[in-house]
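Participant: Make a model of this:
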Amino acid sequence: MKTLSIAAAAAVLAFSAGSAFSDPLPSWTAGAAKSAIVAFVDATTTPGGETYVDPAERIAVFDNDGTLWAEQPAYFQLAYAMDTAKAMVEADPGLANTNPSLKAAAEGDVDGLLADGHKGLLQVLAATHTGMTTDEFKQSVADWLASARHPTTGQRYDAMIYQPMLELLSYLRESGYKTYIVSGGGIDFIRVFSESVYGIPPEQVVGSSVKAEFELSGTGADTRKIPELFFYDDKEGKPVAINHHIGRRPVIAGGNSDGDHQMLQYATRGGRPGLAIIVHHTDADREWAYDRGSRIGGLDKALYEAEASGWVVVDMKTDWRTVFPFELQ
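Facilitator: Next up, the predicted model:
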């Protein structure tokens, strides 16, 4: 596979935008999913139609992990946390004795961190994401993204993005929609790359967060992250966070797991046109195949409701001509 730089990814995104007039979603195969998306966008943006949506109300929200970029064999933010934990324990071995979650992360024990309903995951994220200013944290993430490589593909983590979803984001913006990320991942983590990778500015990222304190010194002013959870943006928390950060109910929502279920309901049960999109991981050859029972990106209840309510289920194996931009020759 060819490595795709951030600049190349931006070029692919620009190409997708430019091709919108002929085919807004060129990496999608012709079928029910693509047709439903295009038909909905046309219906909500054509003036005079019964389902026309005013431009100010055209809000589209998308999960990140497993929806806009890959999430296997573990959440990418967890990979950052484990690399950080390993460096912390190497610098101070005593930390492994006082923090079992940090020890598990340093040893790469993903199963151990996810075994207790993500409690261990939250603990290690608190330990590895705090004690520094927000700017220092963002620089740490940027440095990690520049050097870390995915264990299966050898690609940069921020190259493991879905080409069809880049096209969808571009198509929606060309159609007057404002696109947001609403993720269970860390808000400051995602803000590091959201604009360069997805074209989504930091202020349009909603995510989980730890608390921070204002810190004034003789030379500057900063916010410093502290090891205390502020908000966990998952499941029922997603509609709450959307209302808090965005202030408008989304017209379109996209996700891939039961963690997105309530967000999809929020978009489609508001008494006006709404579109729910589920990215179903069915391609074990080009990506991974998983849904019910998966410890990462488990999809069960949301898939059942999708089938019962007519939500758009994107079959990755059959609905996408290509998965990652670096597959393009």
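Participant: Excluding sequence neighbours, find me the nearest residue to the residue nearest the centre of the chain.
Facilitator: Most central in the chain under CA atoms, centre = their mean is residue 64, positioned 0.8 Å from the mean C-alpha point. What sits nearest to residue 64 in space, not counting adjacent residues and going by CB to CB, 6 or more residues apart in numbering, is residue 183, at 3.9 Å. Quick note: C-beta positions are derived from backbone N, CA and C, even for glycine.
Participant: any low-confidence regions in the stretch 201-329 of the chain?
Facilitator: Low-confidence segments of the stretch 201-329 of the chain, defined by pLDDT under 70: 327-329.
Participant: Please, where are all the strands along it?
Facilitator: Along the stretch 201-329 of the chain, the segments classed as strands by DSSP state E, counting those that start in this stretch run 205-216, 221-231, 252-255, 275-282, 289-290, 312-315.
Participant: Just name the most buried of the ones you listed.
Facilitator: Mean neighbour count (mean count of other CB atoms under 10 Å) peaks for strand 252-255 among the strands of the stretch 201-329 of the chain, with a mean of 29.
Participant: Can you report how many residues lie near residue 185?
Facilitator: Residue 185 is flanked by 22 other residues according to other CB atoms under 10 Å.
Participant: looking just at contacts, which helices and strands does the helix or strand hosting it meet?
Facilitator: For residue 185, the element it lies in under DSSP states H and E is strand 178-186. For strand 178-186, the elements it packs on are strand 59-62, helix 163-174, helix 194-198, strand 205-216, helix 237-245, judged by 3 or more CB pairs under 8 Å, 6 or more residues apart in numbering; DSSP states H and E.
Participant: so how many other residues sit close to the residue nearest to residue 64?
Facilitator: Neighbour tally, residue 183, other CB under 10 Å: 30.
Participant: Adjacent strands (with direction) for the strand holding residue 185?
Facilitator: Sheet pairing for strand 178-186, assigned by DSSP bridges, gives strand 59-62 (parallel), strand 205-216 (parallel).
Participant: quick one: which of those is nearest residue 22?
Facilitator: Closest to residue 22 of those, according to CB to CB: strand 59-62, at 22.0 Å.
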